[in-house]
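1. 3D, please:
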Amino acid sequence: MRLWSLHPSLLDRQGLTACWREALLAQAVLLDRTKGFTKHPQLDRFRAHPEPVVAIAAYLHHLVDEATRRGYRYDPRRVHLPDDERTRGVAPMTVTSGQLDLEWRHLLHKTVERSPDQYRELLRVGRPFPHPLLVVVPGDVEPWERAS
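-> Residues are numbered from 1 along each chain as shown. You can find the predicted model right below:
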């Protein structure tokens, strides 16, 4: 499961689509609608949020926004809560600068061959910026990260 901390606009098509599917799975876990992936460490940051279900809904709605901007059709009805004041006003979560840097390097590695145009765009951007739900704080890689 990769719930990217990076802004959805940085993800290539495959990364955005995989993130959408995996965030829907995370939503199912947080709603206790599945028995799989319940111990996945990337869910820790959502579970630590005062409103985990609202936070994952907000996360998903930002993915829908990016997909729509690109002309893709992600069904917002699959998100448990509507895109409204509650989800748009949910308290942000933090992500460490070290985590964002690790994910940036991981994305660059993934896109260099599978999405060369996106790779060149990432090089032009030059630095990572976070998903709109996240605020960057100084620090090393997050304790829930399992990628090497």
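
2. the helices in this protein, which residues?
-> Taking DSSP state H to define them, one finds helices in the chain at 13-30, 44-47, 52-70, 85-88, 97-114, 116-125.

3. by contact count, what packs against the first one?
-> Which is helix 13-30. helix 44-47, helix 52-70, helix 97-114 (3 or more Cβ pairs under 8 Å, 6 or more residues apart in numbering; DSSP states H and E). (Each C-beta comes from the backbone N, C-alpha and C, glycine too.)

4. okay, the angle between it and helix 97-114?
-> 130 degrees (axes from the mean of the first three to the mean of the last three Cα atoms, to 10 degrees).

5. any idea how far Val53 lies from Glu22?
-> With the distance defined as Cβ to Cβ, to the nearest Å, Val53 ends up 16 Å from Glu22.

6. for Pro41, that is, sorry about that
-> 13 Å.

7. now for the helices of the chain, which one comes closest to Glu142?
-> helix 97-114 (4.4 Å; Cβ to Cβ).

8. Of Pro41 and Glu22, which one has the most company?
-> Neighbours per residue (other Cβ atoms under 10 Å) separate Pro41 from Glu22, with Glu22 holding more: 17 against 12.

9. In this structure the more buried one contacts Gly15, no?
-> No - look at Glu22 against Gly15 with Cβ atoms under 8 Å: they stay out of range, at 10.4 Å.

10. Give me the common contacts of the two.
-> Arg2 (Cβ atoms under 8 Å, 6 or more residues apart in numbering).

11. neighbouring contacts of the worst-scoring helix or strand of the chain on mean pLDDT?
-> Sorting the helices and strands of the chain by mean pLDDT, DSSP states H and E puts helix 44-47 at the bottom, at a mean of 94. Residues from elsewhere that reach helix 44-47 (Cβ under 8 Å, 6+ apart): 3, 26, 30, 52, 55-56, 59, 93, 95, 142-144.

12. Just the pLDDT for the closest residue to Arg88 other than its chain neighbours.
-> Setting aside the residues directly before and after it, Arg88 is nearest to Ala58 in space (Cβ to Cβ, 6 or more residues apart in numbering), at 6.9 Å. For Ala58, the pLDDT comes out at 98.

13. Cheers, nothing more for now.
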